[in-house]
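K.L.:
Need coordinates for the following:
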Amino acid sequence: MSLTPHTPSAGKTRVVVTGTGAVSPFGLGSDCLVSSLLAGRCGIRFLPGLTSISTLTSHVAGIVPKLDVSGIPRQFRRSMTKMSIYATLATREALRQAGYEDAPQGCALLLGSTMSSMEAWLAFSKHYVHDQLDLVKATSVFQMMNHSPLANVAQALNIQGMGLGNCAACATGLLNIGLGFQLIKSGFITSALCGGTEEYHPMVTSCFNIMNAASSAFNDAPEHASRPFDRRRDGIVCSEGCGMLMLESLENAEKRGVEILGEIVGFASNTETHNIAAPCTESIEQCMRQALCSAGVEPDVVDFVNAHATGTLAGDGEECQAIRRVFGSNTPVNSFKGHLGHSLAASGSLELIAALSMMRQGHFAPTLNLETVADDCQGVQHVQESLNAEVELLLKNSFALGGTNCSLLIKKFRQ
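P.N.:
Below you'll find the predicted structure:
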């Protein structure tokens, strides 16, 4: 489909993606992520340790397998927790795919997590309450900062440009990509490494458990626990990982002669003020319409929607209603949470990497575990089987507790 001009955003610089890097419950690498999704694999596992917490009803999660971290010098690893290690590996992959051995001069780094490492904080707190601060290593301080992943990645990979440690819970990854897009489009910078990272801790599942939003009905069948849009969905399955994208101005990428993976053409973010814990159809709809406006396109030119859809009773229905209002019932919609679980701050960037690759291949994975569409999720074209489709323009959604909504438009690159 051709794109219909509407109200383009300020700035004439075109912004393209030249590299991606991923760490997921399937392992290291963007190719590993995408091939696993297309093969219908599930990264959710039963964690026996969760059963020892008597009040915790959810015993499943998506955990990154053991990785080879020997390529990160020990002097940098000492101040890293898992989320920083994931981010360092993913950022290095994104750089190399973009044709860089080292970060280019002036490259910005936009990276955040939902919160700093709970494992590091609990270890510190244990020494604190027992008056054992003399046992705490100085490197622990750098593991507990809110912007620890940003600082650690910048140090390890010598990224000296602007650093923004934006954190917006589950919208973090997509928010950072959108902000990187806007900074490059405005001409303020020419390149940016953007994304989100997350490490799993049982306290994360506990938070959702307290809100009655953690899946517990499929502890004995973990691969079926995360069920976006499905009638039997019963909550979030937490997971971990990192997704990073290398964004550049088109001029910069063409000068280097590198392969261009896609072009970001629109982005919007708004804040839901109706309820701090519950999503709202109207706010989600407004966010998607603002993204369309920023790209200067009408809804009928969007060929695919990759939804946030976490498998919660409230969230999936509200998002479906908003998608139906904006795009009607003929635009294909899928979610990757059935495969990956909810990697929180990493979810938006990891899922955008996968959606971008599938758009380039013309082959999309269905929403895993969507067996019977729930009544409140009717009215959109759910992808329930592998889909071959020519997609020129795709919209990606990410939403967060606290009311942060993000929608981003990405299209196939055309000269």
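K.L.:
Which stretches in the stretch 51-200 of the chain count as helices?
P.N.:
74-77, 82-97, 118-129, 141-144, 148-157, 172-185 (DSSP state H, counting those that start in this stretch).
K.L.:
and the fifth one, what does it pack onto?
P.N.:
Using 3 or more C-beta pairs under 8 Å, 6 or more residues apart in numbering; DSSP states H and E as the contact criterion, the neighbours of helix 148-157 among helices and strands are helix 74-77, helix 82-97, strand 108-112, helix 141-144, strand 163-164. Where C-beta positions appear, they are placed from N, C-alpha and C, glycine not excepted.
K.L.:
out of those, nearest to Leu401?
P.N.:
strand 108-112 (14.7 Å; C-beta to C-beta).
K.L.:
in the lowest-mean-pLDDT helix or strand in the chain, what counts as buried?
P.N.:
Lowest mean confidence among the helices and strands of the chain (mean pLDDT, DSSP states H and E): helix 118-129, at a mean of 81. Of all the residues in helix 118-129, those buried under the rule 16 or more other C-beta atoms under 10 Å are 118-121, 123-124.
K.L.:
where in this protein is pLDDT low?
P.N.:
1-11 (pLDDT under 70).
K.L.:
out of the buried residues of helix 118-129, which one sits closest to Val380?
P.N.:
Distances from Val380 to those, taken by C-beta to C-beta, are shortest for Met118, at 35.9 Å.
K.L.:
State the distance from the closest one to Thr205.
P.N.:
11 Å (C-beta to C-beta, to the nearest Å).
K.L.:
same question, His274
P.N.:
26 Å.
K.L.:
pretty sure Gly235 is in contact with Thr312, am I right?
P.N.:
Yes. Contact criterion C-beta atoms under 8 Å: Gly235 and Thr312 qualify, at 5.8 Å.
K.L.:
where do the contact lists of the two overlap?
P.N.:
Common contacts of Gly235 and Thr312, defined by C-beta atoms under 8 Å, 6 or more residues apart in numbering, comprise Ala213.
K.L.:
Contact partners for the closest residue to Cys32 other than its chain neighbours?
P.N.:
Spatial nearest neighbour of Cys32, excluding adjacent residues (C-beta to C-beta, 6 or more residues apart in numbering): Phe26 at 5.3 Å. By C-beta under 8 Å, 6+ apart, the contact set of Phe26 is 32-33, 36, 41, 43, 65.
K.L.:
What subset of those is buried?
P.N.:
Using 16+ other C-beta under 10 Å, the buried members of those are 33, 36, 43.
K.L.:
Format these as CSV; extra columns: secondary structure.
P.N.:
Below are the buried ones among the contacts of Phe26 laid out as CSV (DSSP: H, G, I helix; E, B strand; the rest coil):
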residue, secondary structure
Leu33, helix
Ser36, helix
Gly43, coil
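K.L.:
can you redo the residues you listed as TSV with distance to Gly266?
P.N.:
Below are the buried ones among the contacts of Phe26 laid out as TSV (distance: C-beta to C-beta, whole Å):
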residue	distance to Gly266
Leu33	24
Ser36	29
Gly43	30
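K.L.:
Thr271: neighbouring residues, count only.
P.N.:
When neighbours are defined as other C-beta atoms under 10 Å, Thr271 has 12 of them.
K.L.:
how far out from the middle of the chain is stretch 122-133?
P.N.:
Distance of stretch 122-133 from its chain centroid, counting by C-alpha atoms, centre = their mean, to the nearest Å, is 33 Å.
K.L.:
now swap in stretch 333-349 and tell me
P.N.:
7 Å.
K.L.:
Can we start the residue count at 13 from this point?
P.N.:
In the new count, where the first residue is 13, that last one comes out as stretch 345-361.
K.L.:
got the buried residues for it?
P.N.:
Applying 16+ other C-beta under 10 Å to stretch 345-361 flags 345-361 as buried.
K.L.:
for stretch 117-124, same thing?
P.N.:
Using 16+ other C-beta under 10 Å as the test for burial, stretch 117-124 gives 119-124.
K.L.:
which two in those residues are spaced the farthest apart?
P.N.:
Farthest pair in those (C-beta to C-beta) is Cys119 and Gly124. Separation: 17.0 Å.
K.L.:
ok, now which ones touch Val403?
P.N.:
315-316, 371, 374, 376, 424.
K.L.:
just curious, which of those is nearest to Ala163?
P.N.:
Among these, and counting by C-beta to C-beta, the member closest to Ala163 is Met371, at 33.3 Å.
K.L.:
I'd like to know the phi and psi angles of the closest residue to that closest one other than its chain neighbours, please.
P.N.:
Spatially, and ignoring its direct neighbours in sequence, Met371 is nearest to Val403 (4.8 Å; C-beta to C-beta, 6+ apart). Torsion angles at Val403 (phi, psi; degrees, to the nearest 10) stand at phi -110, psi 120.
K.L.:
quick one: contacts for Ala115?
P.N.:
107, 121, 169-173, 205.
K.L.:
let's see it at 6 Å
P.N.:
By C-beta atoms under 6 Å, 6 or more residues apart in numbering, the contact set of Ala115 is 169, 171.
K.L.:
Then the one 10 residues further on?
P.N.:
Applying C-beta under 6 Å, 6+ apart to Ser125 gives the contacts 95, 161, 209-210, 357.
K.L.:
In stretch 198-215, which residues are buried?
P.N.:
201-215.
K.L.:
now stretch 323-343
P.N.:
Buried, per 16+ other C-beta under 10 Å, within stretch 323-343: 323-324, 327-339, 343.
K.L.:
what's the answer for stretch 263-271, then?
P.N.:
For stretch 263-271, by 16+ other C-beta under 10 Å, it's 264-265, 270.
K.L.:
Tell me the one of those nearest Ala34?
P.N.:
Val270 (18.7 Å).
K.L.:
Not counting its neighbours along the chain, what's nearest that closest one?
P.N.:
Looking at Val270 with C-beta to C-beta, 6+ apart, the closest residue is Gly111, at 4.4 Å.
K.L.:
Then Asn231?
P.N.:
Asn231's closest residue in space is His71 (C-beta to C-beta, 6+ apart), at 4.4 Å.
K.L.:
What's the local residue count around that neighbour?
P.N.:
24.
K.L.:
ok now do it, which residues does it touch?
P.N.:
So His71 contacts 58, 62-63, 231 (C-beta under 6 Å, 6+ apart).
K.L.:
Cool, thanks, talk later.
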